[in-house]
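Q: Provided below are the primary sequence and the corresponding predicted coordinates.
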Amino acid sequence: MDRLVYVWMAFSITWIAIFVYMLMLGRRQQKLAHELEHLRQALKTKK
């Protein structure tokens, strides 16, 4: 039964790490989208 607990813990930690990584990627993507929109607006005003 001890080994099953370790397997469950490893499984849980892995999924938590994947979830956190996906959140970080989502935030980074939002920042890039915002920066891209800002650059597009800057280019429009220069024309």
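A: Cool, the structure landed.
Q: Point out where the protein drops to low pLDDT.
A: Within the chain, the stretches with pLDDT under 70 are 47.
Q: got the residue ranges for the helices in it?
A: Here the chain has its helices, by DSSP state H, at 2-46.
Q: Could you tell me how many residues sit around K44?
A: By the criterion of other Cβ atoms under 10 Å, K44 has 8 neighbours. Where C-beta positions appear, they are placed from N, C-alpha and C, glycine not excepted.
Q: Oops, could you answer that again for K46 instead?
A: Under the neighbour criterion other Cβ under 10 Å, K46 is assigned a count of 6.
Q: Quick check: the gap between it and L39.
A: For K46, the distance to L39 (Cβ to Cβ, to the nearest Å) stands at 11 Å.
Q: and what of I13?
A: 39 Å.
Q: cool, T14 as well?
A: 37 Å.
Q: swap in L25?
A: Per Cβ to Cβ, L25 is found 21 Å from L39.
Q: Look up how far A42 lies from E35.
A: E35 is 10 Å from A42, by Cβ to Cβ.
Q: A10 now?
A: Relative to A42, and taking Cβ to Cβ, A10 is found at 48 Å.
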